[in-house]
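Q: What shape does this take:
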Amino acid sequence: MRVMRIRTGICAVALAIVLVAMPRAQSPRAGIDVAGFDRSVTPQDDLYRHVNGGWLSRVAMPGDRVSYGAFSEIADRTDLDLRTIIEEVSARPNRPRGSAAQQIADLYASVMDEARLEQLGTAPIEPELRRIDAIQTPRDLAAEAGYLSSIAAGGPFGGSAGIDPLNPGPPVVRVLQGGTLLPDRDYYLADNPALAAIRARYQQYLERIFTLSGRAAPADDARAVLALETELAKIQWTEAENRNIGATYSRFTLRQLATEMPGFDWAAWAKPQGIDRSPAVILAQPSFFKAFAAMVPRVPLGTWQAWLVSRYVTAAAPYLSQPFDNARFDFFGSVLTGQELPRTRWKRGVSMVNGYLGDALGKLYVEKHFPVQARNRVQKILVNLVDAYRGALRESPWLSADARREALEKLSALSTGVGYPARWREYGALTIRADDLLGNWQRALKFDSQTRLTNVAGSAGGEWAMPPQTVNAYYSAAANEIVLPAAILQPPLFDLGADDAVNYGALGALIGHEIGHAFDDRGRRFDGSGAVRDWWTDADAAAYGERAGKLIAQMNAYEPLPGVRVNGVLAATESMGDLGGLEIAFRAYKLSLKGKRSPVVDGLSGEQRFFMGWAQIWRARERDEYVRSTLQTSVYLPAALRANAAVSNVDGFFEAFGVKPGNRLYRPPAERVRIW
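A: Okay, the predicted model is just below:
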């Protein structure tokens, strides 16, 4: 189980894809890739296309990607650096058993040994398949579901462990709805020809993996599992409903679950995971779990068994022989996202080491690739951003006096982490073998689950929720902490040799976005200590809601693909984050000038380069299938909209480029949404 923390990441692109050396045909001080411009388009009409059109025209979509852009470039560069480190470690003659060097080298080797995987065939999963086949009672079903959840390998629900902010004390478990493998409930329920075609392909996928797994009636099992998941989708909450924090907290003891949600053996489910030692379970969607429990005795046990097999085999497929791996990719890669080719083997090996030995590899990465000068420069930008927030909070026209005081106290208590954590995670108790890929995966998942249940990452001791070689960042409301891993601090997000303008427009705006989550409609529910306490008044909520409503209306008007519109409610919080972060970063950049005029570099003012730096980080090619699927589930806008939507509300953008009525990005002053 992962640590329970309300956390936001800076961008969907960074999570969904992974970053190649950017052409640097510009002054090293400008930080702008002028070779990537499309000068046939004006920034006043389409800032995204003006800054990135040339890049889009010359950069092809790699076959193994569903989206490829600036964050992909950074991640690709980082992957190459990590591969070099892993190969250097693997070449060492002396790697004592249990050492970081042995674990890194052998985990990578287990991914790369494809001949061994083909030789093993179905052997690695046969013990688990026999366990599922041996289920004879509802109690057996619950116990097996709990076991699979304990190793994060196909259990029915997702979960996390952490401190209950409303009842401080021993760690408790928060459990999320689940049970379906398609991206969103609409994939099962929507009366849409495209989604109906995907459902048919999904049934074919289920039949294929049931055949590979040796089940007696694969076609019948596939139909039954699709019907079961459709019923589960009907009782799931929507993405918009899940973003209502106040509605996603219901605390139960196991005894209460047995009484109030009969039909599922909650005690048998809890025991394999250690949840029986937790004082309580927090259900994020209580109505789902009650309906799920009632379904258990109504559905034939054989259908539940096939359902568990489908979930386990899908989770295990990347660690098995080619037929399983291909089956998963053909559906979840090609059909769902349009991806043409699977990721190369060595990149999968790097990802595996990153995922399960993150701090061990990260320590080596930081030593080699993160200079102290970069850390110092970023910390200076952070100081100016906090100062900008302090001024904006004091001057806020919509925060009440009490809420303003609370916000300023929360800002003063903000903890910041740059580059790498104060404490590195240890992996000595984790067994890694060069000849056992599936076993490595299962042991690593169990190690991670047990570690986090006993030592909540990030809540104490300086341990981070993501290793320093991660191309992402996050804000944790529970810890009131913003973390900027070392790997994200590279061009074009941060350029140590560039003028300040582009760094504030790129990295500064992203940091501003993350800090802004401390003061938005979700951050309002946590005070500066991380405790759950709503410090807004009704008037504050109404004033924020008015601004959010205007932005939602703007988002709803966007149509990235013909007939496919943005869900403004779903995208509201992150779109407000983009806008607020950009406003604060621009304010911080102006503070950094100390009253002086911005320098002109390559014929561009600092203000112009600021907004170009913002647009440059969102450049990306995205497959239509990927955009269509993420619009159903993602809280982030597609790349081009992330660049253009926010600037169309920022007065500084209009002033920097002289945007006038008639320009496509022009919004009348009265229609612009202003947060800070």
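Q: From here on, just use CA atoms for contacts and neighbour counts.
A: Fine.
Q: Can you show me the helices along the stretch 451-600 of the chain?
A: Taking DSSP state H, counting those that start in this stretch as the criterion, the stretch 451-600 of the chain carries its helices at 500-503, 509-516, 538-556, 568-592.
Q: cool, the stretch 101-250 of the chain as well?
A: So, for the stretch 101-250 of the chain - with DSSP H, counting those that start in this stretch - the helices run 114-120, 126-133, 138-150, 186-189, 193-212, 218-235, 239-242.
Q: Turn those into TSV, including mean pLDDT and mean neighbour count.
A: Listed next are those as TSV, based on pLDDT from 0 to 100; neighbours: other CA atoms under 10 Å:
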stretch	mean pLDDT	mean neighbour count
helix 114-120	97	15
helix 126-133	96	15
helix 138-150	93	22
helix 186-189	95	19
helix 193-212	97	17
helix 218-235	98	19
helix 239-242	78	16
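Q: export the ones you listed to JSON lines and tack on distance to Arg255?
A: What follows is the helices of the stretch 101-250 of the chain, written out as JSON lines (distance: least, CA to CA, whole Å):
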{"stretch": "helix 114-120", "distance to Arg255": "43"}
{"stretch": "helix 126-133", "distance to Arg255": "26"}
{"stretch": "helix 138-150", "distance to Arg255": "15"}
{"stretch": "helix 186-189", "distance to Arg255": "33"}
{"stretch": "helix 193-212", "distance to Arg255": "36"}
{"stretch": "helix 218-235", "distance to Arg255": "23"}
{"stretch": "helix 239-242", "distance to Arg255": "26"}
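Q: hang on, the earlier thing: indicate which one of the helices of the stretch 451-600 of the chain is closest to Ala219.
A: Taking CA to CA, helix 568-592 is the member of those nearest to Ala219, at 36.5 Å.
Q: Could you list every helix and strand in contact with the following helix or strand past the closest one?
A: Counting by DSSP states H and E, the element after helix 568-592 in chain order, helix or strand, is helix 606-617. Contact analysis of helix 606-617 by 3 or more CA pairs under 8 Å, 6 or more residues apart in numbering; DSSP states H and E lists helix 47-58, helix 70-90, helix 500-503, helix 639-647, helix 651-657 as its packing neighbours.
Q: CA atoms only for the third one - export them in CSV, please.
A: As requested, the backbone C-alpha atoms of helix 500-503 are provided in CSV (Å, rounded to 0.1, in the frame of the first residue of the first chain):
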residue,chain,number,x,y,z
ASP,A,500,16.0,34.4,-14.7
ALA,A,501,13.0,35.2,-16.9
VAL,A,502,12.6,31.7,-18.5
ASN,A,503,13.3,30.0,-15.2
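Q: what does that helix contact?
A: By CA atoms under 8 Å, 6 or more residues apart in numbering, the residues outside helix 500-503 that reach it are 30-32, 493-495, 589, 606-607, 609-614.
Q: Burial-wise, tell me which of the helices and strands packed on helix 606-617 comes out on top.
A: For these, the largest average neighbour count (mean count of other CA atoms under 10 Å) is found in helix 500-503, namely a mean of 28.
Q: next one: that one to chain centre, how far?
A: Here the centre of helix 500-503 is set off from its chain's centre by 26 Å, with CA atoms, centre = their mean, to the nearest Å.
Q: sorry, back to before: figure out which of the helices of the stretch 451-600 of the chain is closest to Pro668.
A: Closest approach to Pro668 among the helices of the stretch 451-600 of the chain is made by helix 538-556 (13.0 Å; CA to CA).
Q: Contacts for that closest one next, please.
A: In contact with helix 538-556 (CA under 8 Å, 6+ apart) are residues 398-400, 403, 521, 565-569, 571-572, 575-576, 671, 673-675.
Q: ok, now stretch 119-135?
A: Residues outside stretch 119-135 that contact it (CA under 8 Å, 6+ apart): 141, 144, 213, 305, 308-309, 313, 316, 320-321, 438-439.
Q: Figure out the length between the terminal residues of it.
A: Separation of the first and last residues of stretch 119-135 by CA to CA, to the nearest Å is 29 Å.
Q: same check, this time on stretch 49-69
A: For stretch 49-69, the first and last residues are 13 Å from each other (CA to CA).
Q: Rebuild the helices of the stretch 451-600 of the chain as JSON lines, extending it with distance to Arg130 and mean pLDDT.
A: Below are those laid out as JSON lines (distance: least, CA to CA, whole Å; pLDDT from 0 to 100):
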{"stretch": "helix 500-503", "distance to Arg130": "56", "mean pLDDT": "96"}
{"stretch": "helix 509-516", "distance to Arg130": "46", "mean pLDDT": "96"}
{"stretch": "helix 538-556", "distance to Arg130": "50", "mean pLDDT": "96"}
{"stretch": "helix 568-592", "distance to Arg130": "42", "mean pLDDT": "96"}
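Q: so which of those gets nearest Phe264?
A: Closest of the helices of the stretch 451-600 of the chain to Phe264 is helix 568-592, at 32.0 Å (criterion: CA to CA).
Q: Low-confidence ranges, the stretch 401-550 of the chain, go.
A: The model of the stretch 401-550 of the chain has pLDDT under 70 over residues 452-462.
Q: now the strands for it?
A: For the stretch 401-550 of the chain, the strands defined by DSSP state E, counting those that start in this stretch cover 415-419, 474-476, 481-485.
Q: Tell me which other helices or strands the last one touches.
A: Think strand 481-485. Using 3+ CA pairs under 8 Å, 6+ apart, the elements in contact with strand 481-485 are strand 415-419, strand 474-476.
Q: Give me the contacts around that strand.
A: Outside strand 481-485, the residues touching it (CA under 8 Å, 6+ apart) are 414-420, 464, 466-476, 514-515.
Q: got a list of what Arg674 touches?
A: With contact taken as CA under 8 Å, 6+ apart, Arg674 is in contact with 547, 579-580, 649-650.
Q: Walking through the stretch 301-450 of the chain, point out its helices one by one.
A: Along the stretch 301-450 of the chain, the stretches classed as helices by DSSP H, counting those that start in this stretch are 301-316, 322-328, 336-337, 345-356, 358-369, 372-395, 401-413, 437-454.
Q: Output the last one as CSV, restricted to C-alpha atoms.
A: Read it as helix 437-454. These are the backbone C-alpha positions of helix 437-454, laid out as CSV (Å, rounded to 0.1, in the frame of the first residue of the first chain):
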residue,chain,number,x,y,z
LEU,A,437,11.8,-11.0,-12.2
LEU,A,438,8.2,-11.8,-11.0
GLY,A,439,9.5,-12.7,-7.5
ASN,A,440,11.5,-9.5,-7.4
TRP,A,441,8.3,-7.5,-8.3
GLN,A,442,6.2,-9.3,-5.7
ARG,A,443,8.8,-9.0,-2.9
ALA,A,444,9.4,-5.4,-3.7
LEU,A,445,5.7,-4.6,-3.5
LYS,A,446,5.3,-6.4,-0.2
PHE,A,447,8.4,-4.7,1.2
ASP,A,448,7.0,-1.3,0.2
SER,A,449,3.7,-2.1,1.7
GLN,A,450,5.1,-3.2,5.0
THR,A,451,7.6,-0.4,5.2
ARG,A,452,4.9,2.3,4.7
LEU,A,453,2.5,0.7,7.2
THR,A,454,5.2,1.0,9.9
